[in-house]
Structures are given as C-alpha cells and as structure tokens.
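Engineer: sequence first, predicted coordinates after that:
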Amino acid sequence: MKQIGTQIKEDEAYLKRADFQKELLRKLQAEKEKVMLGGGIKAIEKQKEKGKIPARERINLLLDNPKEFYELSTFAAYGMYEEFGGAASAGTIYGIGRISGRQCVIVANDATVKAGAWFPITAKKNLRAQEIAMENHLPIIYLVDSAGVFLPLQDEIFPDKEHFGRIFRNNAVISSMGIPQISAIMGPCVAGGAYLPIMSDEALIVEGEGSVFLAGAHLVRAAIGEKIDNESLGGARVQSNISGVTDYVMKDDKECIAQIRSLVDKFGKRETAGFDRIEAKPPKFTPKEIYGLLPEDTIKPYDMYEVLSRIVDNSEIDEYKAGYGKTVITAYARIDGWAVGIVANQRSVVKTEKGEMQVGGVIYSDSSDKATRFIMNCNQKKIPLLFLQDVTGFMVGSRAEHGGIIKDGAKMVNAVANSVVPKITIIVGNSFGAGNYAMCGKAYDPRFIYAFPNAKISVMGGSQAHSVLLDIKIKQAEKSGKKVTEEEKKKLLDEIAAAYDEKNNPYYAAARLWVDEIIDPAEARKYISMGIESANHNSEIPRFNPGVIQT
C-alpha cells in the first residue's frame, strides 16, 4: 500500500480556491432549493388543502431515513421549456433510498408542476430511473399522480424509441427480470399513463384522489356520448372491486405509504455480485479540503493524488504502473470499505523517465496503454471501476500521430466499452472531446455519473473553441466581401464565448441528463459507496470479452 496526500498549508492561494468552490456550492444549494419547490409554494399549499401530501413529503414518509435519500437528476429540464413557464425537475422526482432496510429506486410525479404532466425530458428521466433499477436489480416504487403527456409537445414524447411508450415496455422487461415493481395511484392516471401502474406487479390506489382510466369522463362523452363522472368511471372502488385492475384500496396517502413499506418489508433476500467490502476507514485528510485543491480556472494544474487522498480509505492506494503513463493514475483502493479500481486524470505537468514533459489532463499513448491494461485487470478480478475525469483530450500533433495515438486511444475506448464490472464516473473538472469517451462518459454506460460544480463538458476547451468559431465567422464575413475590424472581432469573440460557455457548464448537462447529479466534492465518497452497493445487488456479471485490442 502507498500512502498518498500531504497536510495542506492554508495559505492565501488555498483559501482563495476554497472560497471559489464554496461559492459554487452556495449557488448549487440555492438553485436546488428553488427547483425542489416544484410548481411553487402556492401550488404545494393547494395540494395540502385537498388532503394530499406533496410528492417530496410522500417520499420522506416512505423512506427509513429521508436524510439518506440520494436524489438524482434534480436539475432535469433546468432552464428548459421557459416558453411554457418551465418544468422544475421535469415534474418528476426520483432517487435511491432505503425502505424497510432495502435499497429501492423511488419515482414520484410532482403534481405541482403542470399537474404532473410529462414533458420530453420527463420521459427521459423516468427511463433513466428504470435503467438504474434494471442495471442494479433494485426494486422500483412509483408514486403516480400525473395528468399524462404535455400535449403541446406530444410529437417529442409519443412515438419514438426513447419516448413515453418505452416506459411501459420497460415495465414488462423489469417484471420478467424478477425485479419487484409497486405502484401507488395517488392522483389521476390517464390514457397511456394508466399502463405504468397496471403493468407493475402490484398497484395501490387512494380513495377519493386516485383514478385510472384510458379516457376521462370528458373524452368518453365526446367519443361515445356516455355521461359519467371520473370517480364512477375509474375511481378506487370501481377499479379494485369491480374491474379488479388495482389490488389495494387505501383511505389516504399515509395509509398507502404505510402499506408500501409493509409490502417491501417482506421481500426475500437475493444473491449479490460479491464485490469485496471490509470495515471502512476514513481518509487521513478531511474531504472538505478538496475545495482548496481544485483551481478556480479548470485549465490550471493541480495534483490529483491530493484529491484522491481525501476520497479513499486511510488515504492509501495500490498504484499500478506508477512510473509509466503518468498523466493517468491507475490504482486499487477502498472507498467506504468497498474495493475499487481507480482511473484518474493527473492534472499536474509530469516528467517521464526519458526526461520528457507531459501536459496534465492530456491522455498520451503510454497512459492510454496503461489504463487499458488496468481496466482489463479489474474486469478479471471483479473489481468495480471509478473514473475521475479531468481530461482535455488525447495528445495531438505529428509526434503523437506517428506514435499511434489513435490506435492507443482506440484500445482504451474498447476496454471501457466492453467492461462488464460496474463503472462510476465523476467529472472533477474538464471533460473534453474523445477524453470524455475514454474516461467513461455518459455514452459508455456508467452505472452512475456525477459532476462537481466546476465541471465543464464540451467537444473542446473554451479558448480553442472560441478561436475556431471566431475564425469561421470571420471567413464567412470575408466571403461576402465584408472587412471585419478589430473591434468587431472582439465583440464577436465575446458573443461566441458567452454562448459556448453557457452550454459547457454542469447545469446545462444535468438539465439534459448527461450527468445524474451535480454533487458536493466532499460527499463523493458517499455517492461512490451508494453506487457500488446498488450495483452489488445485480449478481449477473457476464464474462469480460474485450474484443480486438491491438498491442
């Protein structure tokens, strides 16, 4: 074992960096509090006046300990659908928490947001919740209270593979996998949305509030001329005692939630994947010191070993090929007792054994080769992988190309793509270009992917992108015979920079579900541990077959 990390000297530079990160966290918390109000305080009060419990309070009552609920995709739809008044958290809340001692995925419609209507991102968010349940074999609980598809955007949510209908297909697949699904109908459940609870294994319905039907009273009258009210058409007593569609009639939200807890309490134990865990040891250094380690400008270097020393147990690692391919760190360690294999970008400028200087955050041929071999080792040993991304891409230029950087990069991408052990990714700083792919970005199926508040995700770094885009704009102007002055160039560059930077921040990524959550760096250990514990529920790990990896 190798001890890593040093005692931090809290000098002016350290305190300045720490203040910068803390300010990002203050903004994160403030924005999260706004999002968590859903449709607003008035809408929440209206729910309570009807005798209904708001969605977040329902989840809290369902959980053993609400403080241990890992909410995911909180910022889904952030800054989107503004022309319709916005859709806080996409009108749906989901996350992982314990019910009767068992880890479960919990999904709840927030009826304070457009009556729980489904926007395009709402469908994507629900599909992500189901994907987490399927990949990790976690029971999934749905608290249903939705008016159905948001009709002005129906063309973006209805017919495609990753649209609304895929959710019901997943209901069928989840049940076939033996993963329990329980639905509580705690409000309206209309049209296609009626299939979600009824395709679950068991469905509860709240009397007086819950209703389920393919067409509501208004549409029934328009279609066939029949006059009937919603309760008589598809209320709790009708659907439980006459049609037999639902299984339990509950007098109110509290009784419904208590019944779900009782049902989950009786689930049988299942075989686990067997990932190794021992008694956890805290790091030698406090995780909050990460704030002062990360630079204000993500292009500036820092030592990733220092960050790791505040995440891994006892600040100890078994480093693989320590003296080779130094811009990527590969090491075995434990986090909250769980054995992990770590692949992390080293942001410091490093010196090779040949005396060459390598730029931090760039993946070279040697570091790519090392990471490939390490990933294969972790798959052989059944050790989950943790990727800590702060990457500006693969090395470019004639020397790198002649050395086979494309081939070596392809080897690493191949190993990541074919890896069968669970992968967890945290974007610590930059995530640019093909580096995003090689370091297990969203497209490479990490079980969970998180971002720190200072993360940047884009096809290339800001300064390079600004320069390229400015050059394109100038050439377009010159083709039309216009001479661009220096003042106009500066104005164009400012406009380009503002537009580009708006789209590479973590909120933009979280809104579109490119990351599962923006997290506090000091809580990275908790999120990693939760992810491995979730993954451990799935005992079915296929044999690793890396495909063609040229050596």
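Structural biologist: Structure's in. What do you need? Numbering: from 1, shown residues only.

Engineer: what is the closest residue to M530 other than its chain neighbours paired to in the beta sheet?
Structural biologist: Leaving aside its sequence neighbours, M530 sits nearest to Y70 (Cβ to Cβ, 6 or more residues apart in numbering; 5.4 Å). The way it works is simple: take the backbone N, C-alpha and C, and place the C-beta from them, glycine included. Per DSSP bridges, the residues bridged to Y70 are I96.

Engineer: wait, what's in contact with Y70?
Structural biologist: Applying Cβ atoms under 8 Å, 6 or more residues apart in numbering to Y70 gives the contacts G95, I96, G97, E517, Y527, M530.

Engineer: so what's the fourth one scoring on pLDDT?
Structural biologist: We have a pLDDT of 98 for E517.

Engineer: what count of nearby residues applies to it?
Structural biologist: Each residue near E517 was counted by other Cβ atoms under 10 Å, and the total is 19.

Engineer: what sits up against the lengthiest helix in the chain?
Structural biologist: Ranked by residue count under DSSP state H, the longest helix found in the chain is helix 12-35. Residues from elsewhere that reach helix 12-35 (Cβ under 8 Å, 6+ apart): 8, 74-75, 78, 88-89, 290-296, 453-454, 507, 518, 520-521.

Engineer: output that helix as PDB, nothing but the C-alphas.
Structural biologist: As requested, the backbone C-alpha atoms of helix 12-35 are provided in PDB (Å, rounded to 0.1, in the frame of the first residue of the first chain):
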ATOM      1  CA  GLU A  12      -3.800  32.700   0.700                       C
ATOM      2  CA  ALA A  13      -3.900  30.800  -2.600                       C
ATOM      3  CA  TYR A  14      -5.500  27.800  -0.900                       C
ATOM      4  CA  LEU A  15      -8.200  29.900   0.900                       C
ATOM      5  CA  LYS A  16      -9.000  31.700  -2.400                       C
ATOM      6  CA  ARG A  17      -9.600  28.500  -4.200                       C
ATOM      7  CA  ALA A  18     -11.700  27.100  -1.300                       C
ATOM      8  CA  ASP A  19     -13.800  30.300  -1.300                       C
ATOM      9  CA  PHE A  20     -14.400  29.900  -5.000                       C
ATOM     10  CA  GLN A  21     -15.600  26.300  -4.700                       C
ATOM     11  CA  LYS A  22     -17.700  27.200  -1.700                       C
ATOM     12  CA  GLU A  23     -19.400  29.900  -3.600                       C
ATOM     13  CA  LEU A  24     -20.200  27.400  -6.400                       C
ATOM     14  CA  LEU A  25     -21.700  25.200  -3.700                       C
ATOM     15  CA  ARG A  26     -23.800  28.000  -2.300                       C
ATOM     16  CA  LYS A  27     -25.200  28.700  -5.800                       C
ATOM     17  CA  LEU A  28     -25.800  25.000  -6.200                       C
ATOM     18  CA  GLN A  29     -27.700  24.800  -3.000                       C
ATOM     19  CA  ALA A  30     -29.700  27.900  -3.700                       C
ATOM     20  CA  GLU A  31     -30.700  26.700  -7.200                       C
ATOM     21  CA  LYS A  32     -31.600  23.300  -5.800                       C
ATOM     22  CA  GLU A  33     -33.900  24.800  -3.200                       C
ATOM     23  CA  LYS A  34     -35.800  26.700  -5.900                       C
ATOM     24  CA  VAL A  35     -36.100  23.500  -8.000                       C
END
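
Engineer: contacts for the next helix-or-strand element following that helix, please.
Structural biologist: On the C-terminal side of helix 12-35, the closest following helix or strand by DSSP states H and E is helix 41-49. With Cβ under 8 Å, 6+ apart as the test, helix 41-49 has contacts from L37, G38, I53, P54, A111, T112, V113.

Engineer: and the strands in the stretch 451-551 of the chain?
Structural biologist: For the stretch 451-551 of the chain, the strands defined by DSSP state E, counting those that start in this stretch occupy 456-458, 517-518.

Engineer: closest one to V249 among those?
Structural biologist: Using Cβ to Cβ as the measure, strand 517-518 is the one of the strands of the stretch 451-551 of the chain that comes nearest V249, at 36.2 Å.

Engineer: R347 and Y305, how far apart?
Structural biologist: Computed as Cβ to Cβ, to the nearest Å, the R347 to Y305 distance reads 10 Å.

Engineer: quick one, which of those two is more surrounded?
Structural biologist: Legend: neighbour count by other Cβ under 10 Å for R347 and Y305, higher for R347 (28 against 19).

Engineer: so that one touches P301, yeah?
Structural biologist: Yes. The criterion here is Cβ atoms under 8 Å, and R347 meets it with P301 at 5.0 Å.

Engineer: which residues are in contact with each of these two?
Structural biologist: Residues touching both R347 and P301 by Cβ under 8 Å, 6+ apart: G360, G361.

Engineer: coming back round to it: mind putting the strands of the stretch 451-551 of the chain into TSV with distance to Y14?
Structural biologist: Supplementary listing: those in TSV, determined by distance: least, Cβ to Cβ, whole Å:
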stretch	distance to Y14
strand 456-458	22
strand 517-518	23
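
Engineer: which residue is the nearest non-sequential neighbour of R277?
Structural biologist: Nearest residue to R277 in three dimensions, chain neighbours excluded: G337, at 4.6 Å (Cβ to Cβ, 6+ apart).

Engineer: and the one you found, what does it touch?
Structural biologist: By Cβ under 8 Å, 6+ apart, the residues touching G337 are R277, I278, E279, A280, K281, D313, S529.

Engineer: and with 6 Å instead?
Structural biologist: Applying Cβ atoms under 6 Å, 6 or more residues apart in numbering, one finds that G337 lies in contact with R277, I278, E279, A280.

Engineer: what of N379?
Structural biologist: S419, V420, V421, F544.

Engineer: does it lie in a helix or a strand, and which?
Structural biologist: Taking DSSP H and E as the definition, one finds N379 inside helix 365-381.

Engineer: likewise Y94?
Structural biologist: Y94 is part of strand 92-99 when elements are defined by DSSP H and E.

Engineer: next SSE after that strand?
Structural biologist: Counting by DSSP H and E, the next helix or strand C-terminal to strand 92-99 is strand 102-109.

Engineer: strands paired with that next one, and their directions?
Structural biologist: strand 92-99 (antiparallel), strand 140-146 (parallel).

Engineer: please name whichever of those strands is nearest to I121.
Structural biologist: Comparing the strands paired with strand 102-109 against I121 with Cβ to Cβ, the closest turns out to be strand 92-99 (9.1 Å).

Engineer: I'd guessed T122 sits against T92; true?
Structural biologist: Yes. T122 sits in contact with T92 when judged by Cβ atoms under 6 Å, with a separation of 5.4 Å.

Engineer: measure E135 to E12 for me?
Structural biologist: E135 sits at a distance of 46 Å from E12 (criterion: Cβ to Cβ).

Engineer: great, nothing more from me.
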